[in-house]
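Trainee: sequence and predicted structure below; questions after.
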Amino acid sequence: MPNRLKNFLDDQHVKYETVQHPVAFSALQLCEVSHIPSKDMAKTVICKTPTKMIMVVLRAHDQINMGSLSRALGQPVTLAAEDEFASSFPDCEVGAMPPFGNLYDMDVYVADDLAHDHPIAFNAGNHSELVKMKYHDYENLVHPRTIHIEH
C-alpha cells in the first residue's frame with residue numbers, strides 16, 4: 001500500500017483492513033481471487049474532461065456509459081489512456097490506483113449504486129493487496145460527488 005494512503009488512513013483513525021491476494025489485473029479478477037462480491041468492490045477509472053483528469057469510482061461489474069457520465073457532469077468526458085495518467089500516481093502500479101483522488105489532486109465521482117452502507121474493498125495501489133473499509137468512512141475521508149451513471 002502506498003505510504004501516502006496508509007499514512008492518511010492511520011492519521012484519520014479510520015478502521016480498515018488490508019488483504020493480500022493472488023495477483024489480479026481486472027476488478028472482476030480481483031473479486032474472484034478475494035471472494036468479494038462485485039457489488040462491494042470499488043474500481044477506479046480515470047477519465048478526462050476538457051480541462052482536467054477526474055476519478056470515477058463504480059462497482060467492479062459496471063461499465064461507464066460515457067454519454068451518461070458527460071450528461072451528469074455537464075461537459076464532455078472521455079476515458080483517459082494509461083500513459084496520460086500514470087505519472088499522476090507515482091506510488092501505485094498502473095491500473096491499481098486506490099479511489100482516493102483527494103490524495104492525488106483529482107476530483108472524485110462515485111456512482112450512486114456503489115454508495116451504500118456495506119463495506120467496500122478496493123485496490124491498495126498494487127495488484128496483490130486490497131483495502132476493506134466501511135463506505136461511510138470512505139465517503140467522510142474523500143468527500144466524493146455521488147452521481148447517477150447509467151450502465
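Mentor: Cool, got the structure. All values derive from a computational prediction rather than experimental measurement.

Trainee: from here on, contacts and neighbour counts on C-alpha atoms
Mentor: Will do.

Trainee: how about residue 1: what's its closest non-neighbour residue?
Mentor: Closest residue in space to residue 1, ignoring its immediate chain neighbours: residue 124 at 5.0 Å, by Cα to Cα, 6 or more residues apart in numbering.

Trainee: pretty sure the one you found sits against residue 95.
Mentor: No. Residue 124 is beyond contact range of residue 95, at 10.6 Å (criterion: Cα atoms under 8 Å).

Trainee: between those two, who's got more neighbours?
Mentor: residue 124 (24 against 20; other Cα atoms under 10 Å).

Trainee: show me the contacts for the more buried one.
Mentor: By Cα atoms under 8 Å, 6 or more residues apart in numbering, the contact list for residue 124 reads 1-2, 18, 96-98, 130-131.

Trainee: who's residue 18 bridged to?
Mentor: residue 131 (DSSP bridges).

Trainee: ok, now residue 44?
Mentor: Beta-bridge partners, per DSSP bridges, of residue 44: residue 57.

Trainee: was I right about it contacting residue 94?
Mentor: No. Using Cα under 8 Å, residue 44 is not in contact with residue 94, being 11.0 Å away.

Trainee: who has more neighbours, these two?
Mentor: Of the pair residue 44 and residue 94, residue 44 is the one with more neighbours under other Cα under 10 Å, namely 25 against 17.

Trainee: can you give me the strands for the chain?
Mentor: 16-20, 42-48, 53-59, 78-79, 107-111, 119-123, 129-134, 145-147 (DSSP state E).

Trainee: dump those strands into CSV; add mean pLDDT as well.
Mentor: Formatted as CSV, the strands of the chain follow (pLDDT from 0 to 100):
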stretch, mean pLDDT
strand 16-20, 95
strand 42-48, 96
strand 53-59, 96
strand 78-79, 96
strand 107-111, 96
strand 119-123, 95
strand 129-134, 96
strand 145-147, 93
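
Trainee: so which of these comes closest to residue 88?
Mentor: When the strands of the chain are compared by Cα to Cα, strand 53-59 sits nearest residue 88, at 9.5 Å.

Trainee: the closest one vs strand 42-48, what angle?
Mentor: Strand 53-59 and strand 42-48 are oriented at 150 degrees to each other (axes from the mean of the first three to the mean of the last three Cα atoms, to 10 degrees).
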